[in-house]
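Chemist: Attaching a predicted model along with its sequence, questions to come.
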Amino acid sequence: MLQSSENSFLKSNTPASNPNPYNPVKTVTAPVDQATIGRTLVIKGEISGSEALYIDGRIEGKIIMPDSRVTIGRNGKVDASIQAREVVIMGKVTGNIECSDRVDIRSEGSVSGDISTVRISVEDGAALKGGIQVHAEPKSQSQSQAKPVEPPKALAATASA
């Protein structure tokens, strides 16, 4: 009797614990963190904000997102200056880019303008016409990154000694 009641208990809980209803909720909440400008949209003016931005349309003017990531999709065409924490380019950008973390120009991307950043990555096949200024990280970031690197060296030295 106890075994049959346990089995009926497990059977009754199985439909309630079905993970499928939770999966669509997760996929719905992820894009909320990123704004998207679609292929057919054309914006002239200034764009500013604090969430990630994906551009697959056309922008003319200024993009100011100092704490966010700006991604220019394959169909994106940007004739604007860009200020952001991180910029990923798969489309066309004409204008200066000022980035506090990194610029990533993918193989299908092209940039015509000056770039100022801490880190830059240019894949084979990408087009870049302009100047690049790579500057040092702020001291607070470089110190916090240096500390985690030192303990493994000390551990390795202790282990080998």
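Modeler: That came in fine, so what should we check first? Quick caveat, the model's predicted, so the values are computed rather than measured.

Chemist: going forward, measure contacts and count neighbours with C-alpha atoms only.
Modeler: OK.

Chemist: quick one: secondary structure of residue 50?
Modeler: coil (DSSP: H, G, I helix; E, B strand; the rest coil).

Chemist: these two touch, right, it and residue 67?
Modeler: Yes: contact criterion CA atoms under 8 Å: residue 50 and residue 67 qualify, at 6.0 Å.

Chemist: Next one: residue 96 from residue 34, what distance?
Modeler: Per CA to CA, to the nearest Å, residue 96 is found 23 Å from residue 34.

Chemist: Looking at the two now, which is surrounded by more residues?
Modeler: residue 96 (21 against 17; other CA atoms under 10 Å).

Chemist: Pull the residues that contact stretch 117-124.
Modeler: Outside stretch 117-124, the residues that touch it by CA atoms under 8 Å, 6 or more residues apart in numbering are 98-107, 132-137.

Chemist: And those, which of them are buried?
Modeler: 98, 99, 100, 101, 102, 103, 104, 105, 106 (16 or more other CA atoms under 10 Å).

Chemist: Which single one of the residues you listed is nearest to residue 89?
Modeler: residue 105 (4.8 Å; CA to CA).

Chemist: Cross-check the contact I'm expecting between the closest one and residue 86.
Modeler: No: counting by CA under 8 Å, residue 86 is not a contact partner of residue 105; they are 11.1 Å apart.

Chemist: Just give me the closest of the buried ones among the contacts of stretch 117-124 to residue 59.
Modeler: Once CA to CA is applied, the member of these that ends up nearest residue 59 is residue 98, at 16.7 Å.

Chemist: what residue ranges in the chain score low on pLDDT?
Modeler: 1-32, 138-161 (pLDDT under 70).

Chemist: Determine the three-state secondary structure at residue 63.
Modeler: Quick answer, by three-state DSSP: residue 63 is strand.

Chemist: tell me the contacts of it?
Modeler: 46, 47, 48, 80, 81, 82, 83, 84.

Chemist: Can you give me the distance of it to residue 83?
Modeler: 6 Å.

Chemist: Ok, residue 42 next?
Modeler: Relative to residue 83, and taking CA to CA, residue 42 is found at 19 Å.

Chemist: In terms of neighbours, single out the busier of these two.
Modeler: residue 83 (23 against 14).

Chemist: picking that back up, max pairwise distance over the buried ones among the contacts of stretch 117-124: which two?
Modeler: For those, the maximum inter-member distance is 18.6 Å, found between 100 and 106 (CA to CA).
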